[in-house]
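Undergrad: Predicted model and sequence below, questions to follow.
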Amino acid sequence: MGQLEKEKQIQDFIEREQKIVSQNADRSFRYLLMIEWVFGIVTALFISPKTWSGQMSEVHLHLWSSILLGGIIVSFPIILTYIRPGSKASMYAISSGQMLFGALLIHLMGGRIEAHFYIFGTLAFLATYRRWDVLIPATVIIAIDHIIRGIYWPQSVYGVLTGQEWRFLEHAAWVLFEDAFLVVSIIQGQKDMRRIATTSIELKDLQQGLQRKVEERTSEYLKAKEVAEEALEVKAKFLANMSHEIRTPMNAVLSCTSLLQDNLKNSENIELVSILKKSGDNLLNIIDDILDFSKMEAGVLKLEFKRIDIEEIVKDVFHLMSGKASLLGININYKNTSSSIPLLMGDEYRLKQVLINLVNNALKFSSKKVDILYESKKINGFFEVSISVIDDGIGISNKNQEVLFKEFSQVDASTTRKFGGTGLGLSICKGIVDTMGGEIGLQSEEGKGACFYFKVKLKPAPINESLKEPETSLIDENFAQKHPLKILLAEDNQVNQVVAKKLLSKLGYQIDIVNNGKEAIEKIEELHYDVILMDQHMPEMDGVEATIAIRKKKIKQPYIIAVTASVLEEDKQKCFQAGMDHFIEKPIKLNYLAKILNSLNS
């Protein structure tokens, strides 16, 4: 801000403040003048007759004139305070009116010395305008009044019959003394007002500057947030697409290995196929880890709370990991260290995921044994479930413990080379436990093993809710005879076409195959199909677009099942919104597909 602009703002501020002060002072003097006029009338009626010489009390004609004169004196300033409040005209009118009325009051009181104090009080009141020029008309009027009446009518101003030519100088000296004191005070007040104005303008400038900076920083933050969100969305989409692209061939690999396992008789080939399947499963687990990590980063990891049995979850993980532990020569055990745990409401899949990660981690570093300890405590209507995985491995130093649960973090490079891993497992565990509102941590000393633990608070399950019954296998070559269905597969990947054909042949079905959604629409116009297995991502026309078009046709509608490598919730919702009836993930689990087909004829 330039100096001229700043000076203008200061002057504007002073003028605004002066206007407010003047208006407030006008309002005060308005009521004061009214009170003074009433006081003048009372004085004329009850005091004036006693102040003049004589034995009789009577109201003289000139006193009635003074009362009328007093009304005239106060009326004009009062009117100005209404029509032009805070103006110079109203200030000067009040200054003049106050002193004229003061002269009248001194006359009504017979020049008594007490009446002269009114003059000094009025000057002090006029100083509330914070303008020294307001004192000028008041001083001039009272000086002229004292000079003229002191010479020609001394009794009305001094209370004596004989005048003294120079006596007015004594009164004038006291008035000028007070004026000088008031002028100094007013000038100091104006300086203070200017200082306040300067400070106020500077504070305002500072506030505006800070506000501009805040707005700029907020704008920068919002832009950065928007860029970060876009980057996160791009990253999530990229990971989802990569997951889809990798899962598609992985679907073929795992499905083919499953089919080979069922038909191989040579033990050496069985072992090779088993290794192939195991490697594929491990690769798929890594893909799932990456996708889970992207979900947690995007804040879209969702939990599915169902009735669960903690003891069964621990047993399932124990049996699942026992084979791997046996191959490594590690003894694995589990134990409930508390009383029996009731059925609870929780996400069984995610709890198993955390526990499997921790046990896998323990098996990598352990030398002889791994113990799984679990317990529960009832706290305020909830059950706090604690699960610990203890190994006798290399242990972890305090320094390395600080970074262990961070994404892509491992203890050191040598550990990575020796034990492998992506560095995402523990980070995903922490994300899942945090989403559940729980706690995860470890206790370890270098060279003395480690204890990884997590705690979650879960609600007790309702009494009337039963556990899910274990699934029975529906895979049967006569399945198609029991459930005759004409099936169309819409799939662009030729390997997946072969795999799906082979899988469904195990149920006794012979299926028709098309390469995209457009061909699927053309096919259903020729033949009726009971079921369409619709891939979501295809060239020319994808599964979602094809489903929308099919649902608009006036035909006997088929049951459409989305078959896709994408596992994002938003993709799942797109399928349902388009009109699909079901959603299954690649690689296809034949028993799950058979269960869906079985329900169509139930």
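TA: Thanks, I have the structure now.
Undergrad: Quick one: the helices in the stretch 151-300 of the chain, in order.
TA: Using DSSP state H, counting those that start in this stretch, the helices of the stretch 151-300 of the chain run over 154-158, 167-263, 267-298.
Undergrad: which stretch in those helices has the least confidence?
TA: Lowest mean pLDDT within these: helix 267-298, a mean of 65.
Undergrad: And the next helix or strand past that one?
TA: Sequence-wise, the next helix or strand downstream of helix 267-298 (DSSP states H and E) is strand 306-308.
Undergrad: Which elements pack onto that next one?
TA: strand 344-346, helix 348-365 (3 or more CB pairs under 8 Å, 6 or more residues apart in numbering; DSSP states H and E). No exception for glycine: its C-beta is placed from N, CA and C like everyone else's.
Undergrad: let's see it at 7 Å
TA: Counting contacts by 3 or more CB pairs under 7 Å, 6 or more residues apart in numbering; DSSP states H and E, strand 306-308 packs against strand 344-346.
Undergrad: and the nearest residue to Leu373 once chain neighbours are set aside, what is it in contact with?
TA: With sequence-adjacent residues excluded and distances taken as CB to CB, 6 or more residues apart in numbering, Leu373 is closest to Ser388, at 4.6 Å. Counting by CB atoms under 7 Å, 6 or more residues apart in numbering, Ser388 makes contact with Leu373, Cys451, Tyr453.
Undergrad: Can you flag which of the residues you listed belong to strands?
TA: Leu373, Cys451, Tyr453 (DSSP state E).
Undergrad: I figured the first one hits Asn333, correct?
TA: If I follow you right, that is Leu373. No. Counting by CB atoms under 7 Å, Leu373 stays clear of Asn333, with 9.1 Å between them.
Undergrad: Between those two, tell me which one has more neighbours.
TA: The neighbour count for Leu373 versus Asn333, taken as other CB atoms under 10 Å, is higher for Leu373 (18 against 12).
Undergrad: how close does the more buried one get to Ser338?
TA: According to CB to CB, to the nearest Å, Leu373 and Ser338 sit 10 Å apart.
Undergrad: cool, Ile511 as well?
TA: Relative to Ser338, Ile511 is positioned 53 Å away (CB to CB).
Undergrad: Name the nearest residue to Leu442, sequence neighbours excluded.
TA: Excluding its sequence neighbours, the residue lying closest to Leu442 (CB to CB, 6+ apart) is Phe452, at 4.7 Å.
Undergrad: and that neighbour, bridged to which residues?
TA: Beta bridges link Phe452 to Val389, Leu442, judged by DSSP bridges.
Undergrad: How about the contacts made by it?
TA: Phe452 sits in contact with Leu358, Asn361, Val389, Leu442, where contact means CB under 7 Å, 6+ apart.
Undergrad: on that earlier part again, okay, Ile511 and Ser338: which has more neighbours?
TA: The residue with more neighbours, out of Ile511 and Ser338, is Ile511; 18 against 12, by other CB under 10 Å.
Undergrad: domains of the chain?
TA: For the chain, automatic domain parsing gives the domain ranges 3-163, 305-460, 479-601.
Undergrad: Check those for me: which has the lowest mean pLDDT.
TA: Among the domains of the chain, domain 3-163 carries the lowest mean pLDDT, at a mean of 76.
Undergrad: from the chain's centre, how far out does that one sit?
TA: 63 Å (CA atoms, centre = their mean, to the nearest Å).
Undergrad: One more: stretch 217-229?
TA: Remark: stretch 217-229 is offset 14 Å from the chain centroid, using CA atoms, centre = their mean.
Undergrad: In PDB, list the C-alpha atoms belonging to that stretch.
TA: Provided in PDB are the C-alpha atoms of stretch 217-229 (Å, rounded to 0.1, in the frame of the first residue of the first chain):
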ATOM      1  CA  ARG A 217      -2.300 -21.500   0.800                       C
ATOM      2  CA  THR A 218      -5.800 -22.900   0.900                       C
ATOM      3  CA  SER A 219      -6.000 -22.700  -2.800                       C
ATOM      4  CA  GLU A 220      -2.600 -24.300  -3.100                       C
ATOM      5  CA  TYR A 221      -3.700 -27.000  -0.600                       C
ATOM      6  CA  LEU A 222      -6.900 -27.600  -2.500                       C
ATOM      7  CA  LYS A 223      -5.100 -27.900  -5.800                       C
ATOM      8  CA  ALA A 224      -2.500 -30.200  -4.200                       C
ATOM      9  CA  LYS A 225      -5.300 -32.200  -2.700                       C
ATOM     10  CA  GLU A 226      -7.100 -32.400  -6.000                       C
ATOM     11  CA  VAL A 227      -3.800 -33.400  -7.700                       C
ATOM     12  CA  ALA A 228      -3.200 -36.000  -5.000                       C
ATOM     13  CA  GLU A 229      -6.700 -37.400  -5.300                       C
END
